[in-house]
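Enquirer: using only what follows, build the 3D model:
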Amino acid sequence: MSVVKAIELINAIDNQPDLRMRLYHCSENKELNSNLASLGYLFNIDEFEDAVRILHSKCMDEEDANHLMNKAELLRFLLTANSA
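Expert: Numbering: from 1, shown residues only. Purely as a prediction, here's the structure:
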């Protein structure tokens, strides 16, 4: 299920510091998608947004919610920055 893969990516950002840098250094959307696919993270932007909503509903406090939304904003930027 692709939403599950998006959730896994959001969670992996905290646990795998090199992942964030690997994704950040992609120069175009095609390269980013290729990197995500090679890591097993196959999902589209709608599935990503569903994953964010699911995780947000499970946040226990404002600090958790803010941390999640910061990760989501970073990933949104990376996923859409070079898509035009």
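Enquirer: pLDDT below threshold where in the protein?
Expert: Filtered on pLDDT under 70, the chain yields the residue ranges 82-84.
Enquirer: what backbone torsions are found at the residue of it most remote from its centre?
Expert: Distance to the chain centre peaks in the chain at Asp61, reaching 20.8 Å (criterion: Cα atoms, centre = their mean). When read as degrees, to the nearest 10, the backbone of Asp61 gives phi -150, psi 180.
Enquirer: roughly how far does it sit from Leu68?
Expert: Here Asp61 is placed at a distance of 11 Å from Leu68 (Cβ to Cβ, to the nearest Å). Backbone N, C-alpha and C define where each C-beta goes, glycine included.
Enquirer: can you pull the buried residues of the lengthiest helix in the chain?
Expert: For the chain, the longest helix by residue count, based on DSSP state H, is helix 62-80. Buried residues in helix 62-80, counted by 16 or more other Cβ atoms under 10 Å: Leu68, Lys71, Ala72, Leu75, Leu78, Leu79.
Enquirer: just those now: which is nearest Met21?
Expert: Lowest distance from Met21 to those (Cβ to Cβ) belongs to Leu78, with 11.3 Å.
Enquirer: name the nearest residue to the closest one, sequence neighbours excluded.
Expert: Distances taken as Cβ to Cβ, 6 or more residues apart in numbering put Leu23 closest to Leu78, at 5.4 Å, once the chain neighbours are dropped.
Enquirer: that neighbour against Glu31, yeah?
Expert: No - contact criterion Cβ atoms under 8 Å: Leu23 and Glu31 do not qualify, at 9.6 Å.
Enquirer: who's more crowded, those two?
Expert: Neighbour count, other Cβ atoms under 10 Å: between Leu23 and Glu31, Leu23 has more, with 20 against 13.
Enquirer: next SSE downstream of the helix or strand hosting that one?
Expert: Assigned by DSSP states H and E, Leu23 falls within helix 17-24. Using DSSP H and E, the next helix or strand after helix 17-24 towards the C-terminus is helix 29-38.
Enquirer: hmm, who's touching that following helix?
Expert: Leu9, Arg22, Leu23, Cys26, Leu42, Leu78, Leu79, Ala81, Asn82, Ser83 (Cβ atoms under 8 Å, 6 or more residues apart in numbering).
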